[in-house]
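A.B. asks: here you go, sequence then predicted model.
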Amino acid sequence: MKKLLKPVLMILLFALIATSLLAVELRVRNIARFKGVRDNQLTGFGLVVGLKGTGDRQTTVFTNQAVTNMLKRFGINDPSEQIKIRNVAAVMVTAQLPPFAKKGDKIDVVVSSMGDAKSLEGGVLLQTVMKGADEKIYVTGQGPVSTGIGGMNVNPGIHASKQTVGRVPNGGSVEKEVPVTFMDDKNDMYLLLTIPDFTTASRVTDILNSQFWATETGTTVANAVDAGTIKVHVPFDFQNNPVEFAAAVEGLYVEIEERSDKVVINERTGTVVMGADVAIDTCAVAHGVFNVNINVVKQISQPAQYLPGASAMEYENSNIKVEGAGNQLISLPQGVDVLDLVNALNTLGASPKDIISILQAIKAANALHGTLEIL
């Protein structure tokens, strides 16, 4: 009996661990937001000055015009003959205005070269007005530009080519507030799930109805409208304090199915982040000097000894071979995943662009089971 007890306990322990890996408890605030509580996109046109000869060339017409107009505002007329714009770059300035931002709050802004500038590193963004979709000014931006690459140990191939986009940390100053309404005149709020899912919507609805009670007989506080929307009626006791109710809702825990089937690639830095559930199938990719062969075989695992209820299990094993320039070959052991593939490509000198192209090709062939996201 004792001989059987230990294996059975091990099976139960494995089952408990497996179950815990399939689901995770998160606060409602981590998986949903209230309707009306959202960021707002802002854009503007500006100039980055102080570049070390890496700005736009003289032939970039709109940069010349922008510099001329800017100088005229300072009382310098007809300066076009004296302008040397190699130290200046025309940029688009973008930002996300968060909800509830107040006048004077600081936010980050992003600058992107519009002309043929080689680098924005070391430049300073001149004061730029940023407008929303309604053409009203909400933020002004100004400050030193950081490209985020200087001093980093990254692939040399991307060092020079990706400095045309930079960030001005806390460079945006809020000038106009956006009103936020998250409860309508019927005392209803709407929770919007970040990832629409019928199961999650049902579980959030259940947890809300178990914590709050409606005042009318036969009604419930929460009702799922669809896979991504839950209508929440604010109970009478909270109708004069919707902020307290919203905070109570956001603080509730709900169990959701864990999803880690995404591959995220930062094209600028070459960083690759991959979830644990990303799988790859048999395929072959030829990209430039790189040849990738992925062979997935199915194998059977038999129990080492007889156990009640135990049976053979079928599982998949991946065998990956990556060939680079000069017939360099890396053969990876069975059981490797996408991250091992990316590491092998890095070893052979593949650039982030090569890696992205290969992963996109694998995804297009329906051999990568997950979501591919490029930053």
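C.D. replies: Thanks, I have it.
A.B. asks: can you pull out the low-pLDDT segments for the stretch 151-300 of the chain?
C.D. replies: 151-162, 215-218, 258-261, 267-270, 274-277, 281-283, 285, 289, 293-300 (pLDDT under 70).
A.B. asks: where do the strands sit along it?
C.D. replies: 165-174, 188-193, 222-224, 229-233, 253-257, 262-265, 272-274, 279-280, 283-287, 290-301 (DSSP state E, counting those that start in this stretch).
A.B. asks: these: which one's closest to residue 130?
C.D. replies: Nearest to residue 130 among the strands of the stretch 151-300 of the chain is strand 165-174 (6.9 Å), distances taken as C-beta to C-beta. To be clear about C-beta, it is placed using only N, CA and C from the backbone, and glycine gets the same treatment.
A.B. asks: check contacts around residue 46.
C.D. replies: 90-93, 111, 125-128, 141 (C-beta atoms under 8 Å, 6 or more residues apart in numbering).
A.B. asks: got CSV for these, with secondary structure, distance to residue 364 and pLDDT too?
C.D. replies: Formatted as CSV, these follow (DSSP: H, G, I helix; E, B strand; the rest coil; distance: C-beta to C-beta, whole Å; pLDDT from 0 to 100):
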residue, secondary structure, distance to residue 364, pLDDT
90, strand, 36, 93
91, strand, 33, 95
92, strand, 30, 96
93, strand, 34, 96
111, strand, 33, 95
125, strand, 38, 96
126, strand, 43, 94
127, strand, 45, 94
128, strand, 39, 96
141, strand, 38, 96
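A.B. asks: related to what we said a few turns ago, now the strands of the stretch 151-300 of the chain as JSON lines including mean neighbour count and distance to residue 34?
C.D. replies: Supplementary listing: those in JSON lines, determined by neighbours: other C-beta atoms under 10 Å; distance: least, C-beta to C-beta, whole Å:
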{"stretch": "strand 165-174", "mean neighbour count": "20", "distance to residue 34": "21"}
{"stretch": "strand 188-193", "mean neighbour count": "19", "distance to residue 34": "6"}
{"stretch": "strand 222-224", "mean neighbour count": "19", "distance to residue 34": "13"}
{"stretch": "strand 229-233", "mean neighbour count": "20", "distance to residue 34": "9"}
{"stretch": "strand 253-257", "mean neighbour count": "15", "distance to residue 34": "15"}
{"stretch": "strand 262-265", "mean neighbour count": "18", "distance to residue 34": "25"}
{"stretch": "strand 272-274", "mean neighbour count": "17", "distance to residue 34": "28"}
{"stretch": "strand 279-280", "mean neighbour count": "18", "distance to residue 34": "35"}
{"stretch": "strand 283-287", "mean neighbour count": "16", "distance to residue 34": "43"}
{"stretch": "strand 290-301", "mean neighbour count": "14", "distance to residue 34": "44"}
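A.B. asks: of all those, which lies closest to residue 357?
C.D. replies: strand 283-287 (5.5 Å).
A.B. asks: what helices or strands is the helix or strand hosting residue 354 leaning on?
C.D. replies: For residue 354, the enclosing helix or strand under DSSP states H and E is helix 352-364. With contacts defined as 3 or more C-beta pairs under 8 Å, 6 or more residues apart in numbering; DSSP states H and E, the packing partners of helix 352-364 are strand 262-265, strand 283-287, strand 290-301, helix 338-347, strand 371-374.
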